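K.L.:
sequence plus the predicted model coming up.
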Amino acid sequence: MFSEFGRSRFHLAVVFLCIICSLMSSTAVAQRSFSSTADTTLPDAPQPERIPSSAADGPQQAAGSITGTVLDTNHNALKGARVMVVGQSTSAVRTAVAGDNGQFAFTALPPDLYQLTITASGMNTHALSQISLHGGETHPVSVTLSVFGGVTSVTVSGDKDEAAEQQVKIALQQRIVGIVPNFYSSYDWNAPSLGAKQKLDLSFRSIIDPFSFVTTAGVAGVQQYRNTHAAYGGGLEGYGQRYGAAWANHATSTLLSRGVYPAIFHQDPRYFYKGNGTIRSRMLYATSASVVARGDDGRWEPNYSHVLGTFSAAGIATLYYPDSDRGASRVLFSGLAGMGTSAVSNLLREFVFKRLTTHVPKDQNGKPLE
């Protein structure tokens, strides 16, 4: 009886273990099924978009500038014209007011596509133009406002030749006390560069200006008094020869150093007024301008144009000077004298001429444009 009871308990235990194993097996299958279902039905969590390192850490491009002049159809400057520029990417707005010579400048502009708006005081008009500005570029803009029967139109052009022509017109208006030409002083630090045509044109205008003939007469008179180039002799004939030599020297030097060589070397023949800093720094800048020039690309470089022009003119002068005043030493002396005269002239441009010159461009605060 005891053995039967033991066998019964053993059987019950086996059955109970089988039931437990079955339940455990069902639970594991259910968990695997649920896990599989969850993996196929639940979406992946969204991952944050990563900005490529080339876009996020890329180098910034150099800033550029937009400069220009606002004139009417008679080529008179429209002082006080309001100019606004808006970048397409940033929508940042900057404004400027045209100075006495109608000039304006926007500097430190990032590369972008810009929209330019010009409003002339009392004319109730404006114009829009898209300007593509690249890094490190100075983009000149020529603006002409005209009125016809009460209808005002504004023409905006990014043509560099037209902007350069406007610079020539501005230069020709600049005269010391309204008489003495001051064509080669630029009071707009961001003025557009002159093209080869404009450089030659301005040099011809300087050569044939009435005041140059008066100056030459004075030089010939001093030479006559001091008996310079004694081989010319005295009297009216001697004076005439001195006058012709002095004018030929002036014309040759101006044409070569202000027109021909600047066109060849792509350099600006003008002196750019500094107007700020210590007196010492301004003096160094003015005197160095004889040997350092601004290139048409806006960079400063050795002034090949002025140095070669001055010494070339001195060499050509030996063709019409008396035999006694010729030779390499004479060329060297005349060239160095010309360089010294240029340095003194630049000092006067920096410290004196501006206050005596008519039609000097200014910004809305009465200061030179920068």
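P.N.:
Ah, there it is.

K.L.:
confirm residue 80 sits in a strand?
P.N.:
No. Looking at residue 80 with DSSP: H, G, I helix; E, B strand; the rest coil, it is coil, so not inside a strand.

K.L.:
and for it, the neighbour number?
P.N.:
Neighbours of residue 80 under the rule other Cβ atoms under 10 Å: 16. (Each C-beta comes from the backbone N, C-alpha and C, glycine too.)

K.L.:
state the distance from it to residue 68.
P.N.:
15 Å (Cβ to Cβ, to the nearest Å).

K.L.:
same question, residue 231
P.N.:
54 Å.

K.L.:
what about those two, which has more around it?
P.N.:
residue 68 (29 against 11).

K.L.:
does the more buried one belong to a helix, a strand or coil?
P.N.:
Classification of residue 68 by three-state DSSP places it in strand.

K.L.:
thinking it is in contact with residue 140, fair?
P.N.:
Yes. In this structure residue 68 lies within contact range of residue 140 using Cβ atoms under 8 Å: 6.3 Å.

K.L.:
identify the contacts common to these two.
P.N.:
Applying Cβ atoms under 8 Å, 6 or more residues apart in numbering, one finds that residue 68 and residue 140 are jointly contacted by 163, 192.

K.L.:
tell me the bridge partners for residue 181.
P.N.:
residue 175 (DSSP bridges).

K.L.:
count of neighbours near it?
P.N.:
19.

K.L.:
swap in the one 5 residues further on?
P.N.:
Residues near residue 186, counting by other Cβ under 10 Å, number 25.

K.L.:
for residue 244, see how far away it is.
P.N.:
Taking Cβ to Cβ, one finds residue 186 at 32 Å from residue 244.

K.L.:
which stretches of the protein form helices?
P.N.:
All helices of the chain, identified by DSSP state H, fall at 2-41, 53-56, 160-173, 196-208, 210-226, 235-254, 261-265, 279-288, 304-317, 328-348, 354-356.

K.L.:
and the fourth one with helix 304-317, angle?
P.N.:
Angle of helix 196-208 versus helix 304-317, following axes from the mean of the first three to the mean of the last three Cα atoms, to 10 degrees, is 50 degrees.

K.L.:
show residues contacting helix 196-208.
P.N.:
161, 164-165, 167-168, 171-172, 181, 183-184, 194, 212, 250-251, 254-255, 258-260, 262-263, 269.

K.L.:
buried ones from these, can you make that a PyMOL selection?
P.N.:
To isolate the buried members of the contacts of helix 196-208 in PyMOL, using 16 or more other Cβ atoms under 10 Å:
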select buried, resi 164+165+167+168+171+172+181+183+184+194+212+250+251+254+255+258+259+260+262+263+269
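
K.L.:
run through the residues that contact the residue lying closest to residue 209 once chain neighbours are set aside.
P.N.:
Nearest non-adjacent residue to residue 209, counting by Cβ to Cβ, 6 or more residues apart in numbering: residue 181, 5.2 Å away. Going by Cβ under 8 Å, 6+ apart, residue 181 touches 174-175, 206, 209, 211-212.

K.L.:
just the buried members of these?
P.N.:
Using 16+ other Cβ under 10 Å, the buried members of these are 174-175, 206, 209, 212.

K.L.:
Throw these into CSV and include pLDDT and distance to residue 355, thanks.
P.N.:
Putting the buried ones among the contacts of residue 181 into CSV (pLDDT from 0 to 100; distance: Cβ to Cβ, whole Å) gives the following:
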residue, pLDDT, distance to residue 355
174, 95, 13
175, 96, 13
206, 97, 22
209, 97, 22
212, 96, 23
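
K.L.:
how near is residue 144 to residue 192?
P.N.:
Taking Cβ to Cβ, one finds residue 144 at 15 Å from residue 192.

K.L.:
hey, what's the most centrally placed residue in the chain bridged with?
P.N.:
In the chain, the centroid-proximal residue (Cα atoms, centre = their mean) is residue 138; its distance is 3.9 Å. Legend: beta-bridge partners of residue 138 under DSSP bridges are residue 65.

K.L.:
you'd agree it is up against residue 63?
P.N.:
No. Counting by Cβ under 8 Å, residue 138 does not reach residue 63; the two are 10.4 Å apart.

K.L.:
so residue 135 touches residue 63, yeah?
P.N.:
Yes. With contact defined as Cβ under 8 Å, residue 135 reaches residue 63; the gap is 7.1 Å.

K.L.:
next, show the common contact partners of the two.
P.N.:
Common neighbours of residue 135 and residue 63 (Cβ under 8 Å, 6+ apart) are residue 111.

K.L.:
and residue 75, how far from residue 318?
P.N.:
For residue 75 relative to residue 318 (Cβ to Cβ), the value is 42 Å.

K.L.:
repeat for residue 140
P.N.:
Distance from residue 140 to residue 318, by Cβ to Cβ: 41 Å.

K.L.:
lowest-pLDDT helix or strand in the chain?
P.N.:
None of the helices or strands of the chain scores lower by mean pLDDT, DSSP states H and E than helix 53-56, at a mean of 41.

K.L.:
buried set for stretch 229-242?
P.N.:
229, 232, 238-239, 241-242.

K.L.:
quick one: which of the residues you listed is nearest to residue 115?
P.N.:
residue 242 (59.6 Å; Cβ to Cβ).
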